[in-house]
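K.L.:
okay, here's the prediction I keep looking at, along with the sequence it came from:
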Amino acid sequence: MAETAGAVEVAGADAAGPPEVVFVERSRLVEGVRAYGLIAAMWLRSTMAYRASFAMTAFGNFAVTAFDFVAILLMFSHVDALGGYTLPEIALLYGASGTAFGLADLVMGSMDRLGRRVRDGTLDTLLVRPVPVLAQVAADRFALRRLGRITQGALVLGYALVVLDIGWTPLKVAMIPLMLLSGAAVFAAVFVAGAAFQFVAQDASEVQNSFTYGGNTLLQYPPSIFAKDLVRGVTFVVPLAFVNWLPALYVLGRDYPLDLPDWVAFLPPVVAGLCWLLAGLAWRSGLRAYRSTGS
């Protein structure tokens, strides 16, 4: 009955034109967000049943990610600047990237398990449920312990904003939350695109991690220490530079890499939207090409 109703609704949308199609897509989005919330809440209840364990794992996540910044501090115990950037300036890059990535990892970090589900056939159980598959995969094993990464990045970002002598303007103030939210959206889109690739190459989780975890590590350092070809790649191919490099350099009043115009610092929301559009198309293509593991 539900399938028949769904078929009638879609058929009506095709007959009536684009407004109904948009309505169907919007209703599926709302349904997906609701399903994600319910699944995440289930895992949260499971996590909070062992609060001491949660506290220890969250602190462990905080401590492990903090070692990255400790390595930067050790570098600056021997040098005054790295690539022309001082410690507080690099702390701004580090904190912005770490916080944005932490938010994306919290919400979409489970996407790297898709290849395992494709290999062992457990993805089939998600396909028969009346819930968007993307929401189910993303919310699977929702790990609140990842708040440790977000907290660590936010603390470093706060330190940088306090120590740096920045000539604040309304646009620069607005750039901070804009950078974090848009950066998280870009990273989340990369998570989805990487998961879509795993429909084809089931053992590709490490390839996905090279763009997500590897991209986060890359963005913790200033673009001036990397080759121009690499900077071009993360600006025009996989646009990770819009996560923190370009908006943070606007806040710092520094020149952009590759002699880009000043207005590109305001493009992260646009870039994030385009990334999600492409990631959504890749996800749909991969899901439609999926043929199960056989009998």
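P.N.:
Nice, thanks for sending it over. Residues are numbered from 1 along each chain as shown.

K.L.:
please, which helix or strand holds the spatially closest residue to A189 that is not a sequence neighbour?
P.N.:
Nearest residue to A189, sequence neighbours excluded (CB to CB, 6 or more residues apart in numbering): C275, at 3.7 Å. C-beta here means a position set from N, CA and C on the backbone, and glycine is covered the same way. When elements are assigned from DSSP states H and E, C275 belongs to helix 268-289.

K.L.:
give me the contacts around that helix.
P.N.:
Outside helix 268-289, the residues within contact range by CB atoms under 8 Å, 6 or more residues apart in numbering are 133-134, 178-179, 182-183, 185-186, 188-190, 192-193, 195-200, 239, 242-243, 246-247.

K.L.:
please pick the buried ones from those.
P.N.:
133-134, 178-179, 182-183, 185-186, 188-190, 192-193, 195-199, 239, 242-243, 246-247 (16 or more other CB atoms under 10 Å).

K.L.:
among the residues you listed, name the ones in helices.
P.N.:
133-134, 178-179, 182-183, 185-186, 188-190, 192-193, 195-197, 246-247 (DSSP state H).

K.L.:
my read: F197 touches N209, true?
P.N.:
No. Here F197 lies out of contact with N209, judged by CB atoms under 8 Å, at a distance of 11.9 Å.

K.L.:
okay, A5: pLDDT?
P.N.:
pLDDT, A5: 36.

K.L.:
next one: N209
P.N.:
Reported pLDDT for N209: 82.

K.L.:
and it, what does it touch?
P.N.:
N209 neighbours (CB under 8 Å, 6+ apart): 112, 194.

K.L.:
now it, what's its secondary structure?
P.N.:
helix (DSSP: H, G, I helix; E, B strand; the rest coil).

K.L.:
low-confidence ranges, the chain, go.
P.N.:
Counting by pLDDT under 70, the chain shows low-confidence ranges at 1-25, 202-204, 293-295.

K.L.:
and the strands in it?
P.N.:
In the chain, no segments count as strands under DSSP state E.

K.L.:
which helices and strands sit right next to the longest helix that it contains?
P.N.:
Longest helix in the chain, counting residues (DSSP H): helix 18-48. Packing contacts for helix 18-48, counted by 3 or more CB pairs under 8 Å, 6 or more residues apart in numbering; DSSP states H and E, involve helix 2-16, helix 133-139.

K.L.:
distance from it to the middle of the chain?
P.N.:
Chain-centre distance of helix 18-48: 18 Å, with CA atoms, centre = their mean, to the nearest Å.

K.L.:
any idea how far P177 is from L103?
P.N.:
11 Å (CB to CB, to the nearest Å).

K.L.:
ignore the last one, V237
P.N.:
Distance from V237 to L103, by CB to CB: 23 Å.

K.L.:
so which of those two has more stuff around it?
P.N.:
A count of neighbours by other CB atoms under 10 Å puts L103 above the other of V237 and L103, at 23 against 8.

K.L.:
contacts only, for the residue nearest to the more buried one when sequence neighbours are not counted.
P.N.:
Leaving aside its sequence neighbours, L103 sits nearest to A184 (CB to CB, 6+ apart; 3.8 Å). Applying CB under 8 Å, 6+ apart to A184 gives the contacts 100-101, 103-104, 107.

K.L.:
mind doing that once more with 7 Å?
P.N.:
Each residue near A184 by CB atoms under 7 Å, 6 or more residues apart in numbering is listed here: 100, 103-104.

K.L.:
how about Y94?
P.N.:
69, 72, 156, 220.

K.L.:
who wins for neighbours among these?
P.N.:
V156 (26 neighbours).

K.L.:
ok, now how distant is the closest residue to it other than its chain neighbours from P170?
P.N.:
Closest residue to V156 apart from its sequence neighbours, by CB to CB, 6+ apart: G95 at 3.9 Å. Distance of G95 to P170, given as CB to CB: 21 Å.

K.L.:
with neighbour numbers in mind, choose between those two.
P.N.:
Taking other CB under 10 Å, G95 and P170 do not tie; G95 has more neighbours (25 against 7).

K.L.:
the more buried one contacts I150, doesn't it?
P.N.:
No. Using CB atoms under 7 Å, G95 makes no contact with I150, being 10.6 Å away.

K.L.:
quick one: residues contacting the residue lying closest to G158 once chain neighbours are set aside.
P.N.:
Spatial nearest neighbour of G158, chain neighbours left out: G95 (7.3 Å); criterion: CB to CB, 6+ apart. By CB under 7 Å, 6+ apart, the residues touching G95 are 153-154, 156-157, 160.

K.L.:
could you rerun that using 6 Å?
P.N.:
153, 156-157, 160 (CB atoms under 6 Å, 6 or more residues apart in numbering).

K.L.:
perfect, that will be all.
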